[in-house]
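Student: sequence unavailable; structure follows:
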């Protein structure tokens, strides 16, 4: 009976561990001089920061890339923001905004505000090796200004958020989809938000939840259709945003490992 109680207690702990192991964090950036880039949890609690004008973030699984708007400088950092090294890409033809890591091609993408373009960057050489022009108008906007960028690793798509160029209004934001091989737009808008503070800033793809994080006046976690999941107030307009995705064992694998271990322990005890 004692062995059964031990087994039951251990399995219960394993189930709780499997359900609570995820601990994603976010980096938020803003291009104003002498402003802090904030590392926060998914409720908005501050975990750390560093001082730099950061208008874009990208995470490749081991290195966090942070970019400046005008200089073309991109820093390599650890997940906690510790500086490692830097390189400079040719300055953008327009205002550089958010970045994303393309895990299929091992490339960085950077989006430029207006005229909106997508730049592909080799992070080893620091060279820009491809560029695509994006729509200049349409979808309810006179001049489309690109802000946020995310790579959907499940569908091999780039998501780009747009506002009225220059952030002339905060009342509307939309997300368009693009093929990273050709730069062609895929379908219509992923979704559009309207109303007070609906402008969408930086973007990050949530591969575990198959969802998006949106920067802006508020940081929002939404479905791919734009339905809200959660949100918190941003410390500023976050036009740079990245998700540090947690890596957790699958619950079934965790439970199986626990069962095998417990069976071996009981056998030795017998």
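Tutor: Noted; the coordinates are in hand. It should be emphasised that the depicted structure is a prediction, and the values quoted were computed from it without experimental measurement.
Student: the strand or helix carrying residue 162 packs against which elements?
Tutor: Secondary structure assignment for residue 162, by DSSP states H and E: strand 157-164. Secondary-structure packing of strand 157-164 (3 or more C-beta pairs under 8 Å, 6 or more residues apart in numbering; DSSP states H and E): strand 96-102, strand 144-152, strand 172-178, strand 203-206. (C-beta placed from N, C-alpha, C; glycine too.)
Student: got a list of contacts for the helix or strand following the last one?
Tutor: Going down the chain from strand 203-206, the next helix or strand is strand 211-214, by DSSP H and E. The set of residues external to strand 211-214 that reach it, using C-beta atoms under 8 Å, 6 or more residues apart in numbering, is 26, 148, 150, 159, 161, 173, 175, 200-206, 219-224, 229, 241, 243.
Student: so how far is strand 211-214 off the chain centroid?
Tutor: Mean-position distance between strand 211-214 and its chain equals 7 Å (C-alpha atoms, centre = their mean, to the nearest Å).
Student: what lines up beside it in the sheet?
Tutor: Paired neighbours of strand 211-214 in the sheet (DSSP bridges): strand 203-206 (antiparallel), strand 218-222 (antiparallel).
Student: out of the ones you listed, which comes closest to residue 44?
Tutor: Closest approach to residue 44 among the strands paired with strand 211-214 (C-beta to C-beta): strand 218-222, 6.9 Å.
Student: now do that closest one against strand 172-178, angle only.
Tutor: Relative orientation of strand 218-222 versus strand 172-178 (axes from the mean of the first three to the mean of the last three C-alpha atoms, to 10 degrees): 50 degrees.
Student: the helix or strand following strand 218-222 to strand 218-222, inter-axis angle?
Tutor: Where DSSP H and E defines the elements, the next helix or strand beyond strand 218-222 is strand 228-233. If you take the same axes, to 10 degrees, strand 228-233 sits at 170 degrees to strand 218-222.
Student: partner strands of strand 228-233, with direction?
Tutor: Strand 228-233 has these strand partners (DSSP bridges): strand 218-222 (antiparallel).
Student: could you give the separation of the strand it pairs with from the chain centroid?
Tutor: For strand 218-222, the distance to the chain centre is 11 Å (C-alpha atoms, centre = their mean).
Student: contact partners of that strand?
Tutor: Residues contacting strand 218-222 (C-beta under 8 Å, 6+ apart): 26, 28, 40, 42, 44, 191, 197, 206, 209, 211-214, 228-234, 238, 241.
Student: picking up where we left off before, need the winner for burial among the strands paired with strand 211-214.
Tutor: Greatest average neighbour count among the strands paired with strand 211-214 goes to strand 203-206 (a mean of 26), per mean count of other C-beta atoms under 10 Å.
Student: ends of stretch 153-172, how far apart?
Tutor: Using C-alpha to C-alpha, to the nearest Å, one end of stretch 153-172 lies 27 Å from the other.
Student: that stretch - what's its average pLDDT?
Tutor: Averaging pLDDT along stretch 153-172 gives 93.
Student: now do stretch 37-53
Tutor: 95.
Student: okay, and the beta partners of the spatially most central residue of the chain?
Tutor: Note on the chain: the residue nearest the mean C-alpha position is residue 204, at 2.3 Å, using C-alpha atoms, centre = their mean. Assessed by DSSP bridges, residue 204 has beta-bridge partners residue 213.
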